[in-house]
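K.L.:
Sharing a sequence plus its predicted fold:
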Amino acid sequence: MKFYYYPGCTLSTKAKELDICARLSAQALGIELVEIENWQCCGAVYPLGTDVIAQKLPSIRALKTAAQANIPLVTMCSACHHVLKRVNNDAIVSKEFRDTIARFDPDLAYDGSAKVLHYFEVLRDYVGFDKIREKIVNPMTSVKIGAYYGCMLLRPSGVMAFDDAENPTIIEDFINAIGATPIKYAMRNECCGGYISLAQPEKAAKMCNNILANVQSSGAEMLITACPLCAYNVGKQSNVNIEYFTKILAQALGLEVEQNA
């Protein structure tokens, strides 16, 4: 199984563990991740202005590379996935957007034909959770894990098409596959306030504390996430252990994470 891989900036710096464990796990599961050459930062925030073009060009370059090779494009970071998926949707639904890109740079003319996947979708739809379950050597049978989806993986639901935005199950199914007990709690798909944490730190802290109060009342012993911003923002507010899902996967597969992270 071959995929183009867009790591993004944070996975090359503060969130190296998310990237390293994903690559290790991919090798163990028969997934070939081919990092896109000369990728650029996606900007981390999807520009809402319909006339914003320059900020979307890095995403267009990665998307077109994958489309030309007819290889799905995989992302790990929730923010990167969000931006790439939405820019790709712009190219699908808006002729004006496609025409503007082509006028800006004919070499970047793009029709939205790339298939954009999150690593979770690769695990579910290409490897299969049943197959992952068969490969687990260190099942986390005594651990109660809560999934923290956040907002960017799920919304807008019609574009992201990742899972049911109000009652997602993909991460809980993943937790089951690694042998742990998934704990559902009401606020697992609520925003942590990551993008306002600098401008409005008190409001962001309140949002995180509300989520964490819900987590603690649920009995979850750990949270897992795919979002570096969520991991930072929620983690700094709490004593609850929050880990990247790829680290937990690598550990369950019996891989030597500590020597590589």
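P.N.:
Received it, and whenever you're ready, just let me know what you need.

K.L.:
and the residue sitting nearest the centre point of the chain, what does it touch?
P.N.:
Nearest to the geometric centre of the chain sits Ser78, at 3.2 Å (Cα atoms, centre = their mean). For Ser78, the contacting residues are His118, Gly150, Met152, Leu153, Thr225, Ala226, Cys227, Leu229, Cys230, by Cβ atoms under 8 Å, 6 or more residues apart in numbering. The C-beta positions use only the backbone N, C-alpha and C, and glycine is treated the same way.

K.L.:
So the fourth one sits against Cys230, correct?
P.N.:
I take that to be Leu153. No. Counting by Cβ atoms under 8 Å, Leu153 does not reach Cys230; the two are 9.8 Å apart.

K.L.:
send the alpha carbons of the longest helix along the chain over as CSV?
P.N.:
If you go by DSSP state H, the chain has its longest helix at helix 201-218. In CSV, the C-alpha atoms belonging to helix 201-218 read as follows (Å, rounded to 0.1, in the frame of the first residue of the first chain):
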residue,chain,number,x,y,z
PRO,A,201,-6.0,32.7,26.8
GLU,A,202,-8.6,32.8,29.6
LYS,A,203,-11.4,31.8,27.2
ALA,A,204,-9.3,29.0,25.7
ALA,A,205,-8.4,27.8,29.2
LYS,A,206,-12.1,27.7,30.1
MET,A,207,-12.9,25.7,27.0
CYS,A,208,-10.2,23.2,27.9
ASN,A,209,-11.2,23.0,31.5
ASN,A,210,-14.8,22.2,30.5
ILE,A,211,-13.6,19.3,28.3
LEU,A,212,-11.2,18.0,31.0
ALA,A,213,-13.9,18.1,33.6
ASN,A,214,-16.0,15.9,31.3
VAL,A,215,-13.1,13.6,30.7
GLN,A,216,-12.4,13.1,34.4
SER,A,217,-16.0,12.4,35.2
SER,A,218,-16.0,9.7,32.5
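
K.L.:
Would you indicate which residues of it are buried?
P.N.:
Using 16 or more other Cβ atoms under 10 Å as the test for burial, helix 201-218 gives Ala204, Ala205, Met207, Cys208, Ile211, Leu212, Asn214, Val215, Ser218.

K.L.:
ok, so of the residues you listed, who is nearest Leu24?
P.N.:
The nearest member of the buried residues of helix 201-218 to Leu24, counting by Cβ to Cβ, is Val215 at 27.6 Å.
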